[in-house]
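Student: got a predicted model here, sequence first, then my questions.
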Amino acid sequence: MTAILGAGISGLSAGYYLLRKGRPSPVVILETSNRISGWIRSERFDAEGYVFESGPRTIRPKGPAANNTLDLIEAVGLADQVYPIFSNHVAARNRMIYAKGKLNLLPSDVSGVLKTVPPFTQPLFMAGFKDLFARRSGERLEDETMYSFVERRFGREIADYAVSAMLCGICAGDAKQISVKFLMKRMFEVEQAHGGVIKGFLKEAFIKRAQKDSKLQASSNLAKRAKSENWSMYSLYGGLQTLPNRIGMILKENMVDIRTDVTCEEIVFGDKRIQLIIDGKERVVDRLISSIPSYKLARHVAKQHPALSKELAAIPFVDVAVINIRYKTPNLQKHKAFGFLVPPIENLPILGVIFDSCCFDMEDNTVLTVMMGGAWFEKWFGTSPSEEQLLAVALRQVGEILKINQPPDSYKVNILRKCIPQYVVGHQKRVDGIRQYIREHNLPLGLCGSSYDGVGVNDVIFSATKCVDGLMNECDK
């Protein structure tokens, strides 16, 4: 039997891939909470025509991991439920940051790069000139922070207002702590090898022509459609939770045992079997896939493998408050854009605001999502803020920045504890060490989920298929 810890999108996907590839034995999925789908949570209000998303709401359609997700969506029969946002949509073209006391529209084409746009004090193409003439820092580096790398190569303004704001939206993290390998691994490697980013890419282009990677080729009709129609991002009708719900239904129809409200207390690895202590009772399985956060897995293996537990527990996580706000009045939010982010340098208690009703059809409603906390949660809100406190902060910022001062007709306050891992400097080396430990000790344990190889929906689904492939390879030996 194979056990999967966690029924979020990664754990459910792992169950589905085991099913599709001919599972080596029966599968059980064990979930601590009373529901499946993890941090993906869509609350539908069909009568009023809107959706509240407390977690991810859109998915990017480009790249190998993205193609894998589109393949999955088509395979589970949801291709006709996809809600695409095309590249010419205002939510795709227009992204904003709040800086220096006002909302600033970021450049979306070449013309914007050639001129000075607030909050920057010079044209963005000048950052490229800085990279061309900047020297590589001393000896070669193994890793560094996103902020340090971007400041060195492209200047402080890009680091303060572009990259720092972007990380607030992607992982609610601090660019002065997050590893450059989180988002700019290839760029960092080119800089270290050639002494500059642009210089390095130009050199490599002259040395050899870019080869087409077969992994980048769309395999499903849906992935081909996304490419041909030039999608910028997409969701699913009724909210993103439609996907894990459908996967869960398929798993149950195929006799995969999904158990919620269960607690795994300890994992003991034997010679050929794994003993799980579940709600005080012993359960023996042959293989284990963990999609739960690394700090939770750390607790389960601490007695038998303290060194592994220490490394798993060392991956930090942050808390995020997500406040969904709905007004019955349409078009209260005047800016046509995906939303705005707030760079940490502005020292405001929010990470950003998503304009849901600009991205999706919410009928005659204005729907916003305010994101707060992350790496600065305790600084702004302490350890145990009330929902009323968080709502008040969100409404005050919406009033001051967007000039919407009427009370909302409905709202939802979500406090998501330890929801996003932070890939700080040294993260990749730590994860490599964790997997090396597992191999050296011949543990029948596979890892997937957001703790290791990416925090986005595409990343965690892709991690599930790679994990299952590894498991099947071991079974064939």
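Tutor: Done, it's in. Numbers count the residues shown, from 1 in each chain.
Student: ok, longest helix in the chain?
Tutor: helix 457-476 (DSSP state H).
Student: what's that one in contact with?
Tutor: 2, 8-11, 13-14, 17-18, 21, 24, 40, 56, 59-60, 63-66, 68-69, 72, 240, 287, 289, 291, 444, 446-450, 452-454 (CB atoms under 8 Å, 6 or more residues apart in numbering). For glycine as for every other residue, the C-beta is placed from the backbone atoms N, C-alpha and C.
Student: buried residues in it?
Tutor: Using 16 or more other CB atoms under 10 Å as the test for burial, helix 457-476 gives 457-468, 471.
Student: low-confidence bits of this protein, can you list those?
Tutor: 23-24, 110, 129, 135-138, 203-218, 475-477 (pLDDT under 70).
Student: any idea how it splits into domains?
Tutor: 2-40+242-315+424-476, 317-421 (automatic domain parsing).
Student: what kind of secondary structure is residue 38 in?
Tutor: coil (DSSP: H, G, I helix; E, B strand; the rest coil).
Student: please tell me how far the residue nearest to it when sequence neighbours are not counted sits from residue 20.
Tutor: Nearest residue to residue 38, sequence neighbours excluded (CB to CB, 6 or more residues apart in numbering): residue 8, at 2.3 Å. Applying CB to CB, to the nearest Å, the value for residue 8 to residue 20 is 19 Å.
Student: more neighbours: which of these two?
Tutor: residue 8 (24 against 15; other CB atoms under 10 Å).
Student: the more buried one contacts residue 243, correct?
Tutor: No: contact criterion CB atoms under 8 Å: residue 8 and residue 243 do not qualify, at 11.3 Å.
Student: which neighbours do those two share?
Tutor: Here residue 8 and residue 243 have residue 40 as joint contacts, going by CB under 8 Å, 6+ apart.
Student: among the domains of the chain, which is nearest residue 164?
Tutor: For residue 164, the closest of the domains of the chain is domain 317-421, at 4.9 Å, according to CB to CB.
Student: chain center to the closest one: distance?
Tutor: A distance of 18 Å separates the centroid of the chain from that of domain 317-421, by CA atoms, centre = their mean, to the nearest Å.
Student: now swap in stretch 170-188 and tell me
Tutor: The answer for stretch 170-188 is 13 Å, by CA atoms, centre = their mean.
Student: distance to residue 186 for the domains of the chain - can I get that in a markdown table?
Tutor: Output for those, formatted as a markdown table (distance: least, CB to CB, whole Å):
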| stretch | distance to residue 186 |
| --- | --- |
| domain 2-40+242-315+424-476 | 13 |
| domain 317-421 | 21 |
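Student: among those domains, which is nearest residue 121?
Tutor: Here domain 317-421 is closest among those (CB to CB), at 13.9 Å.
Student: helix or strand: which one has residue 142?
Tutor: Following DSSP states H and E, there is no helix or strand that holds residue 142.
Student: contacts only, for it.
Tutor: residue 429.
Student: quick check: phi and psi on it?
Tutor: phi -80, psi -30 (degrees, to the nearest 10).
Student: before we move on, what about residue 282?
Tutor: Dihedral angles (degrees, to the nearest 10) for residue 282: phi -90, psi 140.
Student: now for it, how many residues are close by?
Tutor: Neighbour count for residue 282, taken as other CB under 10 Å: 10.
Student: just to check, it is in contact with residue 274?
Tutor: No: here residue 282 does not reach residue 274: they are 10.8 Å apart, not a contact under CB under 8 Å.
Student: and the strands in the stretch 301-450 of the chain, which stretches?
Tutor: 317-327, 339-341, 352-355, 366-374, 410-421, 445-447 (DSSP state E, counting those that start in this stretch).
Student: to residue 106, which of these lies closest?
Tutor: Comparing these by CB to CB, strand 339-341 comes nearest, at 9.4 Å.
Student: now do the closest one: everything it contacts.
Tutor: Contacts of strand 339-341 (CB under 8 Å, 6+ apart): 95-98, 103, 165-166, 168-169, 351-355, 358, 369, 401.
Student: parallel or antiparallel, which strands does it pair with?
Tutor: strand 96-99 (parallel), strand 352-355 (antiparallel) (DSSP bridges).
Student: for the helix or strand that the first one is followed by, list the C-alpha coordinates in CSV.
Tutor: Yep, that's strand 96-99 we're talking about. Later in the chain than strand 96-99, the nearest helix or strand by DSSP H and E is strand 102-105. What follows is strand 102-105, C-alpha atoms only, in CSV (Å, rounded to 0.1, in the frame of the first residue of the first chain):
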residue,chain,number,x,y,z
LYS,A,102,0.1,57.0,-5.6
LEU,A,103,-0.7,54.0,-7.9
ASN,A,104,1.8,53.6,-10.7
LEU,A,105,1.2,51.6,-13.9
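Student: roughly how far is strand 102-105 from the heart of the chain?
Tutor: Distance of strand 102-105 from the chain centroid (CA atoms, centre = their mean) equals 25 Å.
Student: and if you look at stretch 16-27?
Tutor: The answer for stretch 16-27 is 26 Å, by CA atoms, centre = their mean.
Student: give me the contact list for it.
Tutor: Against stretch 16-27 from outside (CB under 8 Å, 6+ apart): 1-4, 15, 72, 75-76, 247, 250-251, 254-257, 286-287, 464-465, 468-469, 471-472, 475.
Student: if we go to 10 Å?
Tutor: Outside of stretch 16-27, the residues within contact range by CB atoms under 10 Å, 6 or more residues apart in numbering are 1-4, 14-15, 72, 75-76, 246-248, 250-251, 253-258, 285-287, 289, 448, 461, 464-469, 471-472, 474-476.
Student: hang on, the earlier thing: quick one: contacts for the residue nearest to residue 38?
Tutor: 31, 33, 36-40, 55, 244, 291-293, 448-450, 460, 464.
Student: picking up where we left off before, so which of the strands of the stretch 301-450 of the chain is nearest residue 179?
Tutor: It's strand 410-421; of these, that one is closest to residue 179 (CB to CB) at 11.6 Å.
Student: which strands and helices sit next to the closest one?
Tutor: strand 42-45, strand 50-53, helix 164-171, helix 294-301, strand 317-327, strand 366-374, helix 377-381, helix 387-402 (3 or more CB pairs under 10 Å, 6 or more residues apart in numbering; DSSP states H and E).
Student: restricting to C-alpha, output the last one in CSV.
Tutor: What follows is the C-alpha trace of helix 387-402 in CSV, where atoms were taken according to Å, rounded to 0.1, in the frame of the first residue of the first chain:
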residue,chain,number,x,y,z
GLU,A,387,-10.6,39.3,12.3
GLU,A,388,-12.1,42.7,13.2
GLN,A,389,-8.6,44.2,13.4
LEU,A,390,-7.5,42.8,10.1
LEU,A,391,-10.7,43.9,8.4
ALA,A,392,-10.3,47.4,9.7
VAL,A,393,-6.8,47.7,8.3
ALA,A,394,-7.9,46.3,4.9
LEU,A,395,-10.8,48.7,4.6
ARG,A,396,-8.7,51.7,5.7
GLN,A,397,-6.1,50.9,3.0
VAL,A,398,-8.8,50.4,0.3
GLY,A,399,-10.3,53.7,1.3
GLU,A,400,-7.0,55.6,1.3
ILE,A,401,-5.6,54.1,-1.9
LEU,A,402,-8.6,53.2,-4.0
